[in-house]
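> Mind looking at a prediction? Sequence and model below.
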Amino acid sequence: MFSEEMLNLFGEGTLETFYMVLTSTLLAYLIGLPLGVLLVVSDKDGIHPMPIINRVLGVIINLLRSAPFLILLVALTPVTRAIVGTTLGSTATIVPLVIGSAPFIARMVESSIKEVDRGVIEAAQSMGASTMQIVLRVMLPEAKPSLLVGAAIAITTILGYSAMAGFVGGGGLGTIAVNYGVYRYQTDVMLVTLAMLVIIVQLFQELGMRIATRIDKRRK
Amino acid sequence: MEEREIIRIEGLTKRFPGKDGDVVALEGINLSVNAGEIFGIIGLSGAGKSTLVRCINLLERPTEGRVTVCGQELSMLKGKELREARRGIGMIFQQFNLLMQRTALENICFPLLLAGVGKRAAEARALELLEIVGLSEKRNAYPAQLSGGQKQRVAIARALANEPKVLLCDEATSALDPTTTRSILALLKEINANLGITVIVITHEMRVVEEICSRVAILDASHIVEMGRVEEIFKKPKTAAARRLLFPGGEQHAEIPAFGTKSQRMLRIVFDGMTPFEPVIANMVLACGAPVNILFANTRAIEGKTVGQMVVQLPEAQDAVSRIEAYLNTQNVHYEEVADHVF
Ligand SMILES: Nc1ncnc2c1ncn2[C@@H]1O[C@H](COP(=O)(O)OP(=O)(O)O)[C@@H](O)[C@H]1O
Ligand SMILES: [Mg+2]
């Protein structure tokens, strides 16, 4: 149905999408995970209240989250150019993907950690655990299943963002869909890329949920 | 044995700042616990029991007053010093508070790892502790696979890991059924006797105090209203708060119909040691020639001795009452007139 050239294009697009999405997710977690932890710890009822830091962080995160991704993508072009040297292609797209998703990852991490029973944290405190020990040995391990579900959601959201970035030359399956489907009216190409995206979303979603359920020791 | 003080609380007040003024959770608390005893703190819900016990290991910082444990004034400590001092004080909770993603063995190793003990040494110690609490075969079970009583046993083992001098128990049996409660209380007693650990038992149930405590403080609306040996308080409660705790669900007894008599006067009779109930009551009725209505009766074992109590409604005629009292004076019983608002 498709020429070999087209098939290669799909393959390359898929690989590029994987590269973009996975790298962005990793980098976004490097920022979002500590920020999410900080949000919980510094809360006024947290284990190390720091009201001012908590408030400032909360406002910044909410501002970044309220900007639609497409607008953020355009607004961030100077930043992207400064870091990567160009605004085109998958590597350049990683910059807005990370900045656009880190705040929402921070919020997801925050809500996962807040699910950890307060009593368990108190028990650790009664044993003389430090704030750092509570974060590393109680909060994160106890929240692991929920954090994994969050990671699956994060990956699929970032995948969606990456497809949007295709409109401005972001590379990957998104760019193929726009170039062939929108500019050249090749609906079949667009449908295939769409299908690929849907399959990848399903894949990550399913994988995340499966692992989360398997490692969760709360029901057995 | 000489009595050595292990916990001293002086002038403790705890206020929680709130939107419409402060909530006073504790006020002017003075308390001294001796090394090796099982000390009860009893009170109704909201009395301030949890706040008090949390002030002992400084999970809650007192607004005023001093807390001294093992000669160290904890209320002066901060940061690392405080965390280290807490290792000498174990704590267990109503909801067990086990780490849900770790096995029983890993839960017990946890405080040891926090204290910097190596993994292998921690496991060896955890296995010993599992033995003590009788759960060796459950070492690899996760909390979700354990019953309430088993979870509390793991929590007790975990609390003992760092060889504390004091064990704080905040409503440790309140989520358990009566049979399990007894076995957990027996375990606490055993730990107290064999390891010499001082145990503080927080509860709202008199039967828990009766079963294992030697002394008790009654906490009512942020204040300690009564304190002393369990037997003494049981026999001669001085306050309405103490009586309320001695007659749990007392309101129901007021619904028992009074046959023939309209008297609202009641007598609480405490039977010491081995004195049986029936002959005393039968003789009392014979002596005064008037029927008495029994409103409430039960027996309890306090520190190994059986003690019974009974509340009877007095006849209306004053001379009959005098004859009852005269008769009781000749018997090995303690009695007191109780006001009906207790019920
Ligand atoms: N962190 C807190 N903030 C505000 N009020 C509190 C807090 N902890 C306890 N209190 C209040 O202090 C009082 C005593 O509570 P608590 O010690 O939990 O009682 P108990 O354990 O006897 O049921 C209650 O009125 C409760 O609402
Ligand atoms: Mg309580």
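Good, I have the coordinates. Numbers count the residues shown, from 1 in each chain, chains lettered A, B, ... in the order given. Ligands and ions are numbered 1, 2, ... in the order given.

> Does residue A:149 touch residue A:213 like I think?
No - with contact defined as Cβ atoms under 8 Å, residue A:149 and residue A:213 do not form a contacting pair (9.0 Å). To be clear about C-beta, it is placed using only N, CA and C from the backbone, and glycine gets the same treatment.

> For the two, work out which one has more neighbours and name it.
Neighbours per residue, other Cβ atoms under 10 Å in any protein chain shown: of residue A:149 and residue A:213, the larger number sits with residue A:149, 19 against 12.

> Which residues are in contact with residue B:55?
If you count contacts by Cβ atoms under 8 Å, 6 or more residues apart in numbering or on different chains, residue B:55 has them with B:9, B:12, B:14, B:26, B:61, B:62, B:67.

> whoops, I mixed them up, residue B:314
By Cβ under 8 Å, 6+ apart, residue B:314 lies in contact with B:263, B:265, B:266, B:267, B:292, B:320, B:321, B:324, B:337.

> In strands, which of these fall?
Judged by DSSP state E, strands contain the following of the contacts of residue B:314: B:266, B:267, B:337.

> Pull out the buried members of those.
Neighbour counting by 16 or more other Cβ atoms under 10 Å in any protein chain shown classes B:266, B:267 among the ones in strands among the contacts of residue B:314 as buried.

> Distance to ligand 1 and pLDDT added to the ones in strands among the contacts of residue B:314, as CSV?
Listed next are these as CSV, based on distance: Cβ to the nearest ligand atom, whole Å; pLDDT from 0 to 100:
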residue, distance to ligand 1, pLDDT
B:266, 29, 80
B:267, 31, 81
B:337, 30, 79
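
> and residue B:202, that one's in a strand?
Yes - in this structure, residue B:202 lies within a strand as judged by DSSP: H, G, I helix; E, B strand; the rest coil.

> what's the burial count for it?
Number of residues near residue B:202 (other Cβ under 10 Å) recorded here: 26.

> That one contacts residue B:167, correct?
No - between residue B:202 and residue B:167 there is no contact, the gap being 11.4 Å when judged by Cβ under 8 Å.

> Next up, the contacts around the residue of the stretch 201-343 of chain B at minimum distance from chain A.
Per Cβ to the nearest Cβ, the residue of the stretch 201-343 of chain B with the smallest distance to chain A is residue B:202, at 13.5 Å. Contacts of residue B:202 were listed using Cβ under 8 Å, 6+ apart, and they are B:40, B:41, B:42, B:49, B:50, B:52, B:53, B:168, B:169, B:170, B:171, B:172.

> Same check on residue A:17?
Residue A:17 makes contact with A:90, A:159, A:162, A:172, A:173, A:174, A:197, A:200 under the criterion Cβ under 8 Å, 6+ apart.

> Let's have the residues you listed in JSON lines, adding distance to chain B.
Listed next are these as JSON lines, based on distance: Cβ to the nearest Cβ, whole Å:
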{"residue": "A:90", "distance to chain B": "37"}
{"residue": "A:159", "distance to chain B": "29"}
{"residue": "A:162", "distance to chain B": "33"}
{"residue": "A:172", "distance to chain B": "36"}
{"residue": "A:173", "distance to chain B": "37"}
{"residue": "A:174", "distance to chain B": "38"}
{"residue": "A:197", "distance to chain B": "34"}
{"residue": "A:200", "distance to chain B": "29"}
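
> which one among those residues gets closest to residue B:328?
Within the contacts of residue A:17, proximity to residue B:328 (Cβ to Cβ) peaks at residue A:159, which comes in at 85.1 Å.

> Nearest spatial neighbour of the closest one, chain-adjacent residues omitted?
Spatial nearest neighbour of residue A:159, excluding adjacent residues (Cβ to Cβ, 6 or more residues apart in numbering or on different chains): residue A:21 at 5.1 Å.

> so can I have a markdown table of the contacts of residue B:55 showing neighbour count and distance to residue A:181?
A markdown table is the format used below for those (neighbours: other Cβ atoms under 10 Å in any protein chain shown; distance: Cβ to Cβ, whole Å):
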| residue | neighbour count | distance to residue A:181 |
| --- | --- | --- |
| B:9 | 23 | 75 |
| B:12 | 23 | 73 |
| B:14 | 23 | 67 |
| B:26 | 25 | 70 |
| B:61 | 13 | 64 |
| B:62 | 24 | 69 |
| B:67 | 24 | 71 |
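
> so what's residue A:125 up against?
By Cβ under 8 Å, 6+ apart, the contact set of residue A:125 is A:47, A:134, B:59, B:86.

> for the lowest-mean-pLDDT helix or strand in chain A, packing partners?
When the helices and strands of chain A are compared on mean pLDDT, DSSP states H and E, helix A:172-176 comes out lowest with a mean of 86. With contacts taken as 3 or more Cβ pairs under 8 Å, 6 or more residues apart in numbering or on different chains; DSSP states H and E, helix A:172-176 sits against helix A:4-41, helix A:140-165, helix A:187-215.

> Can you give me the pLDDT of residue B:145?
The confidence metric pLDDT takes the value 94 at residue B:145.

> separation between the most centrally placed residue in chain A and residue B:118?
The centroid of chain A falls nearest to residue A:154 when counting by Cα atoms, centre = their mean (3.6 Å). Relative to residue B:118, residue A:154 is positioned 37 Å away (criterion: Cβ to Cβ, to the nearest Å).

> Spit out the contact partners of residue 158.
Looking at chain A here, since you left the chain open. Residue A:158 sits next to A:21, A:24, A:25, A:28, A:97, A:101 when contact means Cβ under 8 Å, 6+ apart.

> actually it's chain B I care about, not the one you picked
For residue B:158, the set of contacting residues under the criterion of Cβ under 8 Å, 6+ apart consists of A:127, B:98, B:107, B:108, B:110, B:111, B:129.

> one more time with 6 Å, if that's ok
The neighbours of residue B:158, taking Cβ atoms under 6 Å, 6 or more residues apart in numbering or on different chains as the test, are B:107, B:108.

> Surely it forms part of a strand?
No - counting by three-state DSSP, one finds residue B:158 to be helix, located in no strand.

> Show me what counts as buried in stretch B:292-310.
Counting neighbours by 16+ other Cβ under 10 Å, stretch B:292-310 gives B:292, B:293, B:295, B:296, B:300, B:302, B:307, B:308, B:309, B:310 as buried.

> One more: stretch A:73-90?
Of the residues in stretch A:73-90, those buried under the neighbour-count criterion (16+ other Cβ under 10 Å) are A:73, A:76, A:80, A:87, A:89, A:90.

> Need the contact partners of it.
Stretch A:73-90 has contacts (Cβ under 6 Å, 6+ apart) with A:16, A:20, A:91, A:92, A:95, A:96, A:165, A:169, A:171, A:172.

> give me every residue that touches the fifth one.
Residues in contact with residue A:95 (Cβ under 6 Å, 6+ apart) are A:80, A:83.

> now do the first one
Contacts were defined as Cβ under 6 Å, 6+ apart; by that measure residue A:16 touches A:90, A:171, A:172.

> In space, what's closest to it - neighbours in sequence excluded?
Nearest to residue A:16 is residue A:172, by Cβ to Cβ, 6+ apart, at 4.2 Å.

> my read: the one you found touches residue A:21, true?
No - here residue A:172 lies out of contact with residue A:21, judged by Cβ atoms under 6 Å, at a distance of 8.0 Å.

> what's residue B:189 in contact with, if anything?
Taking Cβ under 6 Å, 6+ apart, we find residue B:189 in contact with residue B:212.

> Could you do the one 4 residues further on as well?
By Cβ under 6 Å, 6+ apart, residue B:193 lies in contact with nothing.

> That one belongs to a helix, doesn't it?
Yes - under the criterion used here (three-state DSSP), residue B:193 sits inside a helix.

> Next secondary structure after the worst-scoring helix or strand of chain B on mean pLDDT?
When the helices and strands of chain B are scored by mean pLDDT, DSSP H and E, strand B:293-302 comes last with a mean of 73. Moving toward the C-terminus from strand B:293-302, the next helix or strand (DSSP states H and E) is strand B:305-313.

> Good, wrapping up.
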